[in-house]
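**Student:** okay, here's the prediction I keep looking at, along with the sequence it came from:
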Amino acid sequence: MASISLKKLNKTYGALTVVHDIDLEIADKEFIILVGPSGCGKSTTLRMIAGLEEISGGELIIGGDIVNDVPSKDRDIAMVFQNYALYPHMTVYKNMAFGLQLRKASREVIDQKVQEAAKILDITHLLNRKPKALSGGQRQRVALGRAMVRNPEVFLLDEPLSNLDAKLRGTMRAEITKLHKRLNSTFIYVTHDQIEAMTMADRIVVMADGHIQQVDTPQNLYDRPINMFVAGFIGAPQ
Ligand code: ADP
Ligand code: MG
């Protein structure tokens with residue numbers, strides 16, 4: 001079970017508070033999207049959930065356990081970044097296999113998982129290539145594949161499509177939605193793009209200045225925005 005609770009979660013850098021007392025309940029297998037303008041604290045929140053950023057205050061609870069002090073590698077979480085962060089000197093296969101090798105999985109298990117993920121993502125024909133010989137969309141698929149082979153209960157995705165052109169973004173939106181349904185994992189997805197949020201999310205968390213403004217389904221946010229900020233942000237043309 002990968003339900004996640006944020007209870008009065010805070011992040012401060014010195015005197016600066018960038019995430020203020022965030023309360024949020026994320027259901028097991030939910031697709032939840034954090035949306036808001038640049039600098040509002042989306043990535044910081046995601047990185048605290050991943051264990052990549054120390055929590056300054058409050059509690060993070062995953063599957064019933066307080067995990068504030070659990071190191072990132074011991075959380076059943078995989079993260080996909082905007083810039084893909086692939087290893088340039090490794091083939092696609094190696095990039096996808098590497099995390100499992102570190103976890104001492106057998107060669108057979110690694111091969112089965114890499115092949116399975118590659119098939120789902122339609123990148124089997126690319127397994128022997130290096131990242132520099134791939135298009136942006138192909139690289140993003142490899143980054144997703146690298147997360148998938150670990151079968152994590154929770155996927156964290158930080159602006160995974162923002163380096164792609166508009167047409168490919170549309171395709172990948174649909175692909176990621178499909179992937180979520182197929183994998184049965186909890187997805188927490190960060191974007192500043194309200195179209196992505198409105199088309200992909202089960203529920204949307206609208207943030208501004210480190211505070212949550214509103215949490216609701218796309219339809220309810222659209223129909224009943226709680227304030228002018230939410231109305232402006234959700235309704236603004238892209
Ligand atoms: P978003 O992902 O919504 O664009 P971030 O979570 O990256 O926003 O950043 C939130 C705020 O925290 C920003 O004002 C940013 O400048 C600040 N911030 C992020 N990392 C640091 C850091 N290491 N030191 C100081 N301030 C930081
Ligand atoms: Mg960010």
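**Tutor:** Ah, there it is. Ligands and ions are numbered 1, 2, ... in the order given.

**Student:** only C-alpha atoms from now on, for both contacts and neighbour counts.
**Tutor:** Will do.

**Student:** remind me which residues of this protein are low pLDDT?
**Tutor:** Within the chain, the ranges that satisfy pLDDT under 70 run 1, 236-238.

**Student:** get me the contact residues on it for ligand 1.
**Tutor:** Selection of the chain residues close to ligand 1 by CA under 6 Å from any ligand atom yields 13, 18, 38-44.

**Student:** can we see that at 5 Å?
**Tutor:** Residues of the chain lying close to ligand 1 (CA under 5 Å from any ligand atom) are 18, 38-44.

**Student:** show me where the protein has its strands.
**Tutor:** Along the chain, the stretches classed as strands by DSSP state E are 4-13, 16-26, 31-35, 57-62, 65-66, 77-80, 154-158, 186-191, 203-208, 211-216.

**Student:** so what's the residue most central in space within the chain bridging to?
**Tutor:** Taking CA atoms, centre = their mean, the centroid of the chain lies closest to Leu157, which sits 1.7 Å from it. For Leu157, the beta-bridge partners under DSSP bridges are Val80, Tyr189.

**Student:** got a list of what it touches?
**Tutor:** Going by CA atoms under 8 Å, 6 or more residues apart in numbering, Leu157 touches 79-82, 187-190.

**Student:** can you redo the residues you listed as a markdown table with neighbour count and distance to Gly58?
**Tutor:** Below are the contacts of Leu157 laid out as a markdown table (neighbours: other CA atoms under 10 Å; distance: CA to CA, whole Å):
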| residue | neighbour count | distance to Gly58 |
| --- | --- | --- |
| Met79 | 23 | 22 |
| Val80 | 22 | 25 |
| Phe81 | 19 | 25 |
| Gln82 | 17 | 27 |
| Phe187 | 29 | 22 |
| Ile188 | 21 | 19 |
| Tyr189 | 26 | 21 |
| Val190 | 26 | 21 |
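
**Student:** thank you, goodbye.
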